[in-house]
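Student: Dropping a prediction and its sequence here:
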Amino acid sequence: MKKLKFGSKILFVINSLIAFLLLISYVLPYIPPKSFATLSVLSLGVPLLIISNIIFFVFWLLRLKKQFILSLVVLLLGWNYISLMYKFSASEVVVEDSNFSVMSFNVRVFNKFEWLPKNIDKNSIIEFIENNEADIICLQEYPRGQRMSLKGYYSFNATYKKGIKGGQAIFSKFPIVNSGSLEFPHTNNNAIYADIVKQKDTIRVYTFHLQSSGIETDVEKLKEETSEHLFKQVGATFKAQQDQVELFLAHKAKCHYKTIITGDFNNTAYSYIYRKVKGDDLIDAFEEAGSGFGRTYDFKFFPMRIDFILADEDFTVNGYKTFDVKLSDHYPIKAILKLH
């Protein structure tokens, strides 16, 4: 520090703070939000912390200053975090007769409140879905009041079901032999599931929409929020998500079928919520075969991946795609899977 000019010293102090925050974030997946809700909020900013440390590393390196070591060491310690954020090359789709595809898409109530241009509606979303012909389709924020009918598909919760919340729907080209809903208390959110028969195998498919933080994505509106309010709001959301995930995991533990989990987690791959759902026995389709940032949510500040397709290790991921289409505030994702 002694040989640095005053301006460079200030930059290195900022660098040190950002490196420290990234280092702290590495333990967040192991800290329940109920224990430390405020700290868990940091998981949302991990992509920004990674990018910032990369910038500082390059900055000091180009100036031939040994300060580059700080960010380099922190980045190397969390190398797996970088692979969660960005995949440098996509795996080529492996074409096999036994392949089948799973799509997950938060359709944001078919643009009911016209957040997007008026021409984006249920029909444009149906057209997209039909053009991409996924074998299993899981939808979140699906309005049963505008029920959707897809030719050649069985469905669950696509039409009104007494005692079951709307918001989620599953469509399948394969027969659905059993289905149900796990209602989350004190919220409109829930998880639904369908037991799907593919040839001689029965597969349990879950889809859910975990509690939303309600954070504004509009920059001007976000500026009006105080940091204290934002931290309290997101912390409360993560606590609610923990309750929902605990209910979900207790339900999943009773299932003996090979399982696929899809949905809008409203949280990132760096969170306690993601780690608990993924566990030790599931694989993330994006990690296996995705490319780029895998952004699934239209957040203006940095790429956010909050929608996931997870599958038992009994499945091989033979392909993965994030669709760059503006039909919602989320982007559809699709995985090509093969059952061993």
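Tutor: It's in. Worth saying up front: this structure is predicted, and the values here are computed from it rather than measured. Numbering: from 1, shown residues only.
Student: where do the helices sit along this structure?
Tutor: For the chain, helices defined by DSSP state H occupy the ranges 6-25, 37-40, 46-62, 68-77, 79-85, 108-111, 122-132, 219-223, 227-252, 272-278, 285-289.
Student: Tell me which of these sits most buried.
Tutor: Of all the helices of the chain, helix 285-289 carries the top mean neighbour count, a mean of 23, counting by mean count of other CB atoms under 10 Å. C-beta: built from backbone N, CA, C; applies to glycine.
Student: Packing partners of it?
Tutor: On a contact count with 3 or more CB pairs under 8 Å, 6 or more residues apart in numbering; DSSP states H and E, helix 285-289 meets strand 307-312, strand 315-322, strand 333-339.
Student: what does it contact?
Tutor: 83-84, 87, 90-91, 93, 294, 305, 308-311, 317-320, 322, 333, 335-337 (CB atoms under 8 Å, 6 or more residues apart in numbering).
Student: OK, contacts around residue 139?
Tutor: Counted by CB under 8 Å, 6+ apart, residue 139 has contacts 104-107, 148, 168-171, 207.
Student: Just the pLDDT for residue 105.
Tutor: Reading off the confidence values, residue 105 has pLDDT 98.
Student: Can you give me the neighbour number for it?
Tutor: Residues lying near residue 105 (other CB atoms under 10 Å) number 30.
Student: distance of the closest residue to it other than its chain neighbours from residue 297?
Tutor: Excluding the flanking residues, the one nearest residue 105 by CB to CB, 6 or more residues apart in numbering is residue 332, at 4.0 Å. Counting by CB to CB, to the nearest Å, the gap from residue 332 to residue 297 is 12 Å.
Student: next one: residue 233
Tutor: Taking CB to CB, one finds residue 233 at 17 Å from residue 297.
Student: Run through the protein and note the low-pLDDT ranges.
Tutor: 1-2, 90-91, 214-229 (pLDDT under 70).
Student: need the strands for the stretch 151-300 of the chain, in chain order.
Tutor: 154-156, 167-172, 176-183, 190-198, 201-209, 258-264, 282-284 (DSSP state E, counting those that start in this stretch).
Student: what residues are up against the residue nearest to residue 105?
Tutor: Residue 332 touches 103-105, 128, 132, 322-323, 325, counting by CB under 8 Å, 6+ apart.
Student: would CSV of these with distance to residue 139 be doable?
Tutor: Below are the contacts of residue 332 laid out as CSV (distance: CB to CB, whole Å):
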residue, distance to residue 139
103, 9
104, 8
105, 6
128, 12
132, 13
322, 16
323, 14
325, 15
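Student: Out of the residues you listed, which is nearest to residue 186?
Tutor: residue 104 (24.9 Å; CB to CB).
Student: ok, the closest one touching residue 305?
Tutor: No. The pair residue 104 and residue 305 fails to qualify as a contact (CB atoms under 8 Å) at a distance of 11.9 Å.
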